[in-house]
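Student: quick one, structure for this:
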Amino acid sequence: RVPAIVSMGPRGCTVRARDGRRGASDAANVRVVDTIGAGDCFTAGFLCAYLQGASLPQCAAAGCAAGAEAVQQEGAVLSQAAVERLRA
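Tutor: Here you go, the predicted model:
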């Protein structure tokens, strides 16, 4: 079962699983250019980490990192450089 996730934009996110496990992450302090696609990128980053077996705090951090990459550029598609930074 997927945990409940509350994304709070510039304030990061918090996560809670049914079994009581929790996680949270602060958002990166970045220059915002465009917020289109940020939520989708957050969700993709979170789920990618979740499906790879990461802890909830790691999933939260991955989601926030992906969202932060998204807001630093125009449009809803991450640059190849951004994708490579997220993979590192």
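Student: which strand or helix spans A66?
Tutor: Taking DSSP states H and E as the criterion, A66 maps to helix 56-71.
Student: okay, C13: pLDDT?
Tutor: Per-residue confidence (pLDDT) for C13: 97.
Student: surely it touches F42?
Tutor: Yes - contact between C13 and F42 holds when scored by Cβ atoms under 8 Å: they sit 7.3 Å apart. For every residue, glycine as well, the C-beta is placed using N, CA and C.
Student: in the helix holding A66, what counts as buried?
Tutor: Taking 16 or more other Cβ atoms under 10 Å as the neighbour-count basis, helix 56-71 is seen to contain the buried residues 56, 58-71.
Student: from A62, how far out is the closest residue to A66 other than its chain neighbours?
Tutor: When the adjacent residues along the chain are set aside, A66 lies closest to G45, with 2.8 Å between them (Cβ to Cβ, 6 or more residues apart in numbering). Here the distance between G45 and A62 works out to 4 Å (Cβ to Cβ, to the nearest Å).
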